[in-house]
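Participant: Below are the sequence and a predicted model for it; my questions follow.
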Amino acid sequence: MSDGNIDLSNDARARAYSTPLDQLNPGDPTLFRTDAHWPVLERLRKEDPVHYTAESEYGPYWSITKYNDIMAVDTNHQVFSSEGGITIATQDGDEGPLPMFIAMDPPKHDVQRKTVSPAVAPANLAILGPLIRERAAKILDGLPIGEEFDWVDKVSMELTAMTLATLFDMPQEDRRKLTYWSDVVTAIPGKGLIDTIEQKMAIFVEYHAYFTELWNQRVNAPPGGDLISMLAHGPETRDMSPREYFGNIVLLTVGGNDTTRNTITGSVLALNQNPDQYQKLRDNPDLIPSMVSETIRWQTPLAHMRRIATQDYELGGKTIKKGDKVVMWYVSGNRDEEVIERPNDYIIDRARPRNHMSFGFGIHRCVGNRLAELQLQIIWEEILKRFPEIKVVAEPVRTYSSFVKGYESMKVIIPKRA
């Protein structure tokens with residue numbers, strides 16, 4: 001298995017360092033599919049931390065790869081706007097990209113975010129916690145012992161889909177639709193899940209219709225504590241257009257699904273690649289919260305966010321022009337040796353494990369970050385009670401995406417119960 005702590009296959013390293021600097025395209029999804037993005041980003045951090053790719057499948061763009069530079073861009077929404085999309089590959093349909101609050105600037109961003117944030121506020125998490133624990137226990141108790149199975153499908157997808165269905169207050173039997181739709185949103189046509197952009201749009205019609213039905217139910221009922229009711233009754237959101245509502249549903253689906261699910265899988269992989277850390281965790285389960293933060297850094301479930309420059313701006317000795325696309329590589333900032341000690345090592349008892357970029361910074365910092373941590377913490381508390389070991393038995397199949405840094409499948413065996 002390749003090592004997420006980066007032994008870097010010699011081929012990937014040789015290619016990354018022999019390609020002319022101006023031809024490096026860190027946004028190539030193949031790099032992420034093959035876990036070969038590490039040396040490309042490492043080289044950019046060393047040699048060209050504010051880097052311009054003139055030609056790519058997404059057009060020209062800037063790559064920001066150092067922790068402090070990313071922070072400077074992420075916290076300056078006046079100069080670096082989110083309008084128009086947050087990924088390098090945002091595809092503009094006839095009507096442009098879907099509106100959603102993460103792809104808005106203040107003041108509109110602030111009021112829409114504020115409308116849904118009570119769903120993931122501490123008071124609601126206190127209510128959700130026992131339900132997540134009950135479900136995690138049931139999932140884990142149903143796993144086969146001594147035979148190979150796909151951890152992504154049986155555990156990571158299940159728990160996150162159940163939680164998200166609860167936040168939307170939709171039937172649990174429909175939960176896997178959320179997983180599927182979330183994958184379709186970020187899928188690249190012709191690379192597995194969908195074949196064409198037309199097929200993607202047809203699935204979006206079905207996705208949109210499902211949530212329109214939920215909106216109609218909630219808008220005609222008394223206000224409730226679920227995300228859709230909050231949007232349907234919120235003074236700043238109840239008059240939003242159907243496209244804008246759907247854009248926010250897409251955001252909440254992907255944000256509430258992909259990130260946590262891929263970190264749950266990443267935690268099992270990281271502990272397998274670092275058996276000393278796995279032993280440390282078994283010996284001291286009090287390290288779970290710290291291990292969770294370290295995994296979120298190590299995994300970086302969303303590899304990047306993009307912005308558009310609203311004016312000319314100098315950064316790292318380069319002039320970014322008004323209208324340029326700027327990509328913040330969180331996955332690179334999380335490995336910046338100038339800010340994070342031994343960044344390529346997975347250390348579950350780091351001094352400052354929350355010192356990572358995975359949730360972003362500034363006004364767009366992940367609204368559900370505490371819920372993500374809660375789900376990870378609970379699943380590991382329940383795992384340690386049950387299983388002395390979960391063994392990864394094959395190289396995971398990674399997602400073909402330079403945005404969602406995740407796993408399609410990962411085969412494991414649980415040798416025995418505790």
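Facilitator: Sure, I can see it.

Participant: contacting residues around the nearest residue to Ala36 once chain neighbours are set aside?
Facilitator: Residue nearest to Ala36 in three dimensions, not counting chain neighbours: Ala12, with 3.7 Å by Cβ to Cβ, 6 or more residues apart in numbering. C-beta coordinates here come from the backbone N, C-alpha and C atoms, glycine included. The neighbours of Ala12, taking Cβ atoms under 8 Å, 6 or more residues apart in numbering as the test, are Thr34, Asp35, Ala36, Trp38, Pro39.

Participant: Buried ones in the strand or helix carrying Ala12, by neighbour count?
Facilitator: With elements delineated by DSSP states H and E, Ala12 resides in helix 10-18, which encompasses its position. Burial within helix 10-18, assessed by neighbour count using 16 or more other Cβ atoms under 10 Å, is assigned to Ala12, Arg13, Ala16.

Participant: Can you tell me which of these comes closest to Gly142?
Facilitator: Within the buried residues of helix 10-18, distances to Gly142 taken as Cβ to Cβ reach their minimum at Ala12, with 38.1 Å.

Participant: Thr30 - how many residues pack around it?
Facilitator: Look at Thr30: counted by other Cβ atoms under 10 Å, it has 12 neighbours.

Participant: wait, I meant Pro285
Facilitator: Other residues near Pro285 number 13, with proximity taken as other Cβ under 10 Å.

Participant: Repeat that for Pro275.
Facilitator: The number of residues packed around Pro275, counting by other Cβ under 10 Å, is 10.

Participant: Now do the contacts for it.
Facilitator: Applying Cβ under 8 Å, 6+ apart, no residues qualify as near Pro275.

Participant: what's the distance between it and Glu147?
Facilitator: Taking Cβ to Cβ, to the nearest Å as the measure, Pro275 and Glu147 are separated by 22 Å.

Participant: what does Pro171 give?
Facilitator: Counting by Cβ to Cβ, the separation of Pro171 from Glu147 is 31 Å.

Participant: For the helix or strand hosting Leu128, name the packing helices and strands.
Facilitator: When elements are assigned from DSSP H and E, Leu128 belongs to helix 122-141. Using 3 or more Cβ pairs under 8 Å, 6 or more residues apart in numbering; DSSP states H and E, the elements in contact with helix 122-141 are helix 157-168, helix 369-386.

Participant: So which residues of the stretch 51-200 of the chain form helices?
Facilitator: Listed in chain order, the helices of the stretch 51-200 of the chain (DSSP state H, counting those that start in this stretch) span residues 67-74, 108-116, 122-141, 151, 157-168, 175-186, 197-219.

Participant: what's the closest of the ones you listed to Val250?
Facilitator: Ranking these by their distance to Val250 (criterion: Cβ to Cβ) puts helix 175-186 first, at 5.6 Å.

Participant: Run through the strands of the protein in chain order.
Facilitator: 50-53, 61-64, 80-81, 149-150, 304-309, 313-315, 318-320, 325-329, 391-392, 397-398, 407-409, 411-413 (DSSP state E).

Participant: Now do the last one: everything it contacts.
Facilitator: Read that as strand 411-413. Residues lying outside strand 411-413 but in contact with it, judged by Cβ under 8 Å, 6+ apart, are 146-151, 268, 390-394, 396.
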